[in-house]
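Enquirer: coords below, sequence missing:
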């Protein structure tokens, strides 16, 4: 399985008559599909009544399809719990801030013991049943999990336990949260509540811990299922299909026990494609390994304000983009367009009537093109010489109190990310506690909270010769979301060689100027006024009472260097700084036309450079390497023109 | 009563001192008012305490007024239930999605047996009491009924009963709703729930059925009252005053037992007058007969963002507009401006202080003008050679999942309706199951769901020589809101001679072009890509990858023709198509200046053409007929100039 | 204490280590701070467990600070009730419209007997303990009180009692509220409910009374605490820090038992400064005496969309603005920036790390400057020759039904207020029932409701020679929020010598014209059409059907005059009318540059004129008086240039 790129789709055999199955399988094979995701959302059919399991209908289909060489990724069908279960145990559904059962698709309580009992049983049954099935290669746990922020009684008790483990004593909790503020000191553990609507005030430290607790609860819910499957079928790969740039689950923690990270992708036709790349790069970085795209949009999304036609070539483009950024499996959602309830748009490779849509032919084209280099490609990994720090704890801290409507952590990250892509550099997006030693430089936008562990990790990296760029609004807070009582940027001060005197937050209709290397830039959003304590000033403000104060600094620390970029709001500034740092650090960068995206995958011997043109016009690029066209074998060098929505894969090396 | 146009108002004698009554009656007579709506919202006064009825105060007033020749329409006073009733039985008020009693004016539970008991009793008492009153001509049931979407326990049980009647078995329900989707299969009837907030997912088929159930429940509530009145007073006309273009009640079903349809009209001074016409035409079409305007705004509305002064002439204009479109009764709301709570604006013919507002003189003018032709007019009906299909089931299906924010079913209907009015053609707006045989052509915008009954009705009409125009987004769904598994437009394919390959949904900032009869149009919103299967292409797209594909087609079917207009967004296109079809079908159309509206009423012998100028400038029209001015008797032919807000009624024939 | 301006801050000694206290006190003294607000929000520390009080930590700090000459304003720490109290008695928190406990900071139920019990006990304990403390000069009751609109069972019972006291009998209530409307007549007191979500309809008269009841309940909660403190410490001044232009508390009633009114001020850096002035002038007018600014922003606000840097000079500017408009105490919020939960922005005079921010030096500058004239200034009062009527009952009536989205009572008041400031005139903003005899003229914008008491007050004032300007939308309603049944403006008709025939409400995209003294103005929003009944026409409309009708009138009444300005929407018109009336009434007005604000304080002997330049450019003013610079002693006359954010205090007299 590892020696080829998997191309597949989701199939719901239970939605269609048995007589249709052979025709579907025939069409799949013709298109080159080699893997199917099955059993997703089928709990009602797998356990029609409590404790009575029926896998026969699925076995029949799998038997029929595996005879044609198709393999399977099974799904634990938890997202859609059966009606009989909720009718008997309404409390398996999450309670809202008012304690009311308030549901939405998948909104189960992940701390519920009763729910866990039913989940464990069906997963166990399935794992037993399919452990030795020769065509099964893996499992997807649940579907697009969310941290549901449940406010039920069981969650209240579990939250207290979680806090007790974390803080040990109530005194430590009172101190960490600063409950002396607004007079909310706890005397007894029983007084600690969920941050629900009946609370006179919710501390933002309490909120942050509640978000952590909720994310942990969902990870626990996933891990329980992973453990069951691994017990029965240690040879199966286990994945989960993440909701993408969803903020409430810490993917770095969630993915710990997974063999391979998965993600679902539904890009709009007129989207800013940088966000699709970001989404892929985040998921590749979670395990710093290739990933599976478990649902790749190929038809209309069901929850849009509008739906542009998917132009010829776009499904092919998306497929190569997935692979280019680390996808070793691409499963299109879904085989045949859905007929029922919320998802009735033509979202399948086939129409509702069973005839192929245009996507079918594009997929066929992709599988033929891949045939020549799929096995060489499968063993390669994406080259990412640079990292951006990306922390869910930071996201949640900012969510606990947004404070400034024009500040957005993900937007700040994307500002740096976008310019790196424009330079042909593919960054990893990693948690600040992860090992940094391999990166030429590391960008840390808005590290508002810093822990000792993170400080040590960063200092070690820089001291040993690394290069760190810290972005504005950093180093103000403890890891528990309270402000430190020492000068800012706190634990980052020493390595950055600065202190922050003041800051100002400008909305879009205001700005200030700075001069960096003799060029002027307009900046706004968050502006830090820096007091160098050993650092060198790289840029200073030009207006208002703080004209002349430092806006950007750089400091030598150990063998390395630390930049502090105390401003936001200028795309040009970020581009110029990143270019300077890349050159300084010897990271190769490449001038790319608008809309062209470049990544490279290699295994040390063979290297594939993917040039993808997201534009609706042809674009000419200067190739950095001489090689061959991976699809055609034609020799390539110098310039190449890539058609609209076109893909060029340059193969070099062995 | 049928031999004259009724001109009346609402009078709340219980709001004013008895000593004032004679003066009010004198002023009414002087203005020519011949009918009063009474007893509306007076439950607390008619049954001051449980089971104790007091009609004396109303009898006294009716005795006094009937001596002056005034007649009465009684109202069942249900909308404002007494405080003592709700204090004793809070559950007569609707429950919201969370099961909480959540009220608003008129928000009673229409399935509540307890509520029905109290309603039946007071209606019975009133019917007994007034059945033989010589001045009573009719009854209004309740007031501006709404389908309240109640989520109480009684509604849950009744909903299950309603579903059991409809589907017979749970298997049929599971299949019809597609509960296999997201694993929501029901094993027991007790598992079927209202689509409330505690449901993990609500199927959109379930939502549609819930909307149908709720509308039916309100119709049942109304019919119970109609039956009681008819038992006691079969000679009284029974009506209901509808909320107008309110979407949650199926008026075609609601009106089944009514003798005459009624409606309340509160147009803004600066409204798009086409919507007022649409409102009137819908209500006339419900029973395809003349109707009563039970509340015609004559003063300030109480719930507006602002209130422009009602200019001199506007109350008269509204009155003639009501009559021109089928009104045989116009009752102004209300006699004297209200003093209490939510309705304190000067909304009466008299001021709060009892002196006449300007409207008083206009009403006097109207009744004098009508005197000369009211009796001839009363027996005529509006000529409507064309129909537009208008289905509440379609509205509810689109409400169950809007899917595209720039798509709106009523807007699509209005696009066709508006252009017909501009051509001097008055359409009926009828349910798709109603008899179509009399119409020169029929327009069916966005028939997303099609039943066998509707298909047969349409095919019969076309086969026998009719002409049908189908609008985009049609024929995709079953009558239970699931997508069909055969090619689109499904049950319409055969008659239209086409299939739909694909569609695209464009928001306002995108468009495509089409060419129809050598003219180019910009289209957006919903664009169908048509594959002709026997039909002729009338227009094709000019841009994007589907340039050249069919956008509009026409097909011969039996003796008739079926157009499929697969695009939206161009007013000019709809106008040009309708002109072409009208000419082809021999429907007389007339070039009208902006702001001039034309309708005709006739009884086969006498014909009245109403030219109404909604503009604030005089407009000159070419009269299609030679005749006399119905008000003055002056001869009319050729051109005529109608003053701002002016009315010209041309009488022809006997 | 009365012989100097108090300059202080809020200190939370419980938030910082004891070892830090001496340094804080040293820095305070160095800055010239002479008073501290303490014990606010410290209930958890003062009564750590039920019935166990611990004042030692506070005593220790006060002992240490008072040795350095610092004095104290204690706060009753009620806003942040302890967790143990709410854990034991969740019902002390307000219930929302659905009867659910739904909290927010300070949202306690002010009718709860249980809550009152706990409040009374801790206030009693504190009053006993600190009554004789030599450094205590006063008390702040609670913090930024809100009328919480609680819908709990206890409030239901208390609301009925309150209504029984007000109306005596249910018949009176039914009549006053007009419950005959929509059939909501009460038969029993037990049927009268709170205007909660389960009510079929809430009368707007009921809403108004509920708002009055809620405001009264909060006043009762405050007064209970005042009484306790006064019993123990009659020599202490009692204040409350109002939320400012918050609408739900009637400050005129709330302040009855207070010795001195207080307010909290958090102006945005780029605010329309007129609102800050209005805020100050309202609070000075509440008791028509000098006031205390209990919280003056000196750093970043925690709840803004953004935060502009507080420019050098702005903290000083705010301080003098407070004093110029009647502030005899200015306490900056807060001493050291907060570290915990919702308030972590640098909002202190010191940074989080304990070092002084720029504000520190400005405060030091202020205290030095004041040193020379603080004692002379403290005994003076603001000169306000004019009054604007400002009624919370009117606000609540408009809130009970907004009716027109472009009408806003406070905006209408501000339109007049702004132009008076531009002319150098400082108005009082007083309740309509307050004594008017001292004012040269009185402006009454939108007196929609008028009581007999108010009519008598106004008529007495005018009859004895006063001058009243009534604004549009006046005189339509009874004091119970129902419309009168006599001609408008009802109780104001006689003195204004007019009737109102009609009105029109124009949104921003419409307007009409009027001509006043040969100049044309565009007007919109609310336009009254006036019928003079003895009054003289000053301006007439120029457009639409009511062109020529009176828009502005003036009437002689007794020895005085009554203007009725029936229009809104023109700043120039209001300016010109006010200039004319000021000249007529001999009120000195002064041409001021944009951004310059002028007030005067005097004690009959000494007079201080405050010229404050809120602009970011220097401004030159013509001084109306010859005198000396209060800060420098330099002679001043003729013109003076005030720097950006500058302050000039001209001293005249003794």
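Expert: Yes, it's here. A quick note: this is a predicted structure, and the numbers were derived from the prediction, not measured.

Enquirer: quick one: contacts for the one residue in chain A that gets nearest to chain C?
Expert: Going by C-beta to the nearest C-beta, chain C is nearest to residue A:178 of chain A, at 2.7 Å. Just so you know, the C-beta spots here come from the backbone N, C-alpha and C atoms, and that holds for glycine as well. Contacts of residue A:178 were listed using C-beta atoms under 8 Å, 6 or more residues apart in numbering or on different chains, and they are A:203, A:205, A:482, C:339, C:340, C:341.

Enquirer: Over to residue A:313?
Expert: A:362, A:644, A:645, A:646.

Enquirer: One more: residue A:625?
Expert: Residue A:625 neighbours (C-beta under 8 Å, 6+ apart): A:607, A:609, A:637, A:650, A:652.

Enquirer: is the helix ranked longest in chain A anywhere near chain C?
Expert: Once chain A is assigned using DSSP state H, the helix that runs over the most residues is helix A:204-232. Yes: interface with chain C: helix A:204-232 contributes A:204, A:205 (C-beta under 8 Å from any C-beta of the partner chain).

Enquirer: Next, count neighbours for the nearest residue to residue A:98 once chain neighbours are set aside.
Expert: Using C-beta to C-beta, 6 or more residues apart in numbering or on different chains and skipping residues adjacent in sequence, the residue nearest residue A:98 is residue A:197, 5.1 Å away. Each residue near residue A:197 was counted by other C-beta atoms under 10 Å in any protein chain shown, and the total is 18.

Enquirer: hang on, residue A:197 packs against residue C:100?
Expert: Yes: in this structure residue A:197 lies within contact range of residue C:100 using C-beta atoms under 8 Å: 7.2 Å.

Enquirer: Overlap of the contact sets of those two?
Expert: Among the neighbours of residue A:197, those also in contact with residue C:100 (C-beta under 8 Å, 6+ apart) are residue A:98.

Enquirer: rewinding a little: what average pLDDT does the longest helix of chain A get?
Expert: Confidence over helix A:204-232, taken as the mean pLDDT, stands at 98.

Enquirer: Then stretch A:546-560?
Expert: What stretch A:546-560 shows for mean pLDDT is 98.

Enquirer: List the buried residues of that stretch.
Expert: Using 16 or more other C-beta atoms under 10 Å in any protein chain shown as the test for burial, stretch A:546-560 gives A:546, A:549, A:550, A:551, A:552, A:553, A:554, A:555, A:557, A:560.

Enquirer: what's the answer for stretch A:368-380, then?
Expert: A:369, A:370, A:373, A:374, A:376, A:377, A:378, A:379, A:380.

Enquirer: so who does the fifth one touch?
Expert: This means residue A:376. Under the contact definition (C-beta under 8 Å, 6+ apart), the residues listed for residue A:376 are A:606, A:608, A:651.

Enquirer: So it: helix, strand or coil?
Expert: Here residue A:376 takes the helix state, with states given by DSSP: H, G, I helix; E, B strand; the rest coil.

Enquirer: confidence score at residue A:594?
Expert: Per-residue confidence (pLDDT) for residue A:594: 89.

Enquirer: quick one, strands of the stretch 351-500 of chain A?
Expert: If DSSP state E, counting those that start in this stretch is used as the criterion, the strands of the stretch 351-500 of chain A fall at A:381-382, A:386-389, A:427-430, A:441-444, A:467-471, A:498-506.

Enquirer: do the stretch 201-350 of chain A as well
Expert: With DSSP E, counting those that start in this stretch, the ranges of strands along the stretch 201-350 of chain A come out as A:237-239, A:241-242, A:262-265, A:291-297, A:327-333.

Enquirer: okay, now the closest residue to residue A:308 other than its chain neighbours: neighbour count?
Expert: Across the structure, with C-beta to C-beta, 6+ apart as the measure, the residue nearest residue A:308 apart from its sequence neighbours is residue A:269 (3.9 Å). Neighbouring residues of residue A:269 were enumerated by other C-beta under 10 Å; the total is 16.

Enquirer: Please report phi then psi for residue A:269.
Expert: Its backbone dihedrals place residue A:269 at phi -60, psi -40, with angles given as degrees, to the nearest 10.

Enquirer: hmm, back to that, would you format the contacts of residue A:625 as TSV with secondary structure and pLDDT included?
Expert: As requested, the contacts of residue A:625 are arranged in TSV below (DSSP: H, G, I helix; E, B strand; the rest coil; pLDDT from 0 to 100):
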residue	secondary structure	pLDDT
A:607	strand	97
A:609	strand	98
A:637	coil	95
A:650	strand	98
A:652	strand	97
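
Enquirer: Tabulate the residues you listed in TSV, adding columns for distance to residue C:488.
Expert: Supplementary listing: those in TSV, determined by distance: C-beta to C-beta, whole Å:
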residue	distance to residue C:488
A:607	86
A:609	81
A:637	89
A:650	84
A:652	89
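
Enquirer: Buried only: go through these for me.
Expert: Burial by neighbour count, judged by 16+ other C-beta under 10 Å, picks out A:607, A:609, A:650, A:652 from the contacts of residue A:625.

Enquirer: List the contacts of stretch A:478-485.
Expert: A:176-178, A:204-205, A:207-209, A:393, A:397, A:400, A:449-451, A:476-477, A:490, C:337-341, C:344, C:352-354.

Enquirer: among those residues, which ones are buried?
Expert: Buried residues within the contacts of stretch A:478-485, defined by neighbour count using 16+ other C-beta under 10 Å: A:176-178, A:204-205, A:207-209, A:393, A:397, A:400, A:449-450, A:476-477, A:490, C:337-341, C:344, C:352, C:354.

Enquirer: For residue A:619, which non-adjacent residue is spatially closest?
Expert: Counting by C-beta to C-beta, 6+ apart, residue A:593 is the residue found nearest to residue A:619 once chain neighbours are left out, at 4.4 Å.

Enquirer: Report all helices and strands that the longest helix of chain A contacts.
Expert: The elements that helix A:204-232 packs onto, with contact taken as 3 or more C-beta pairs under 8 Å, 6 or more residues apart in numbering or on different chains; DSSP states H and E, are helix A:113-130, helix A:153-167, helix A:170-177, strand A:237-239, helix A:251-254, helix A:392-400.
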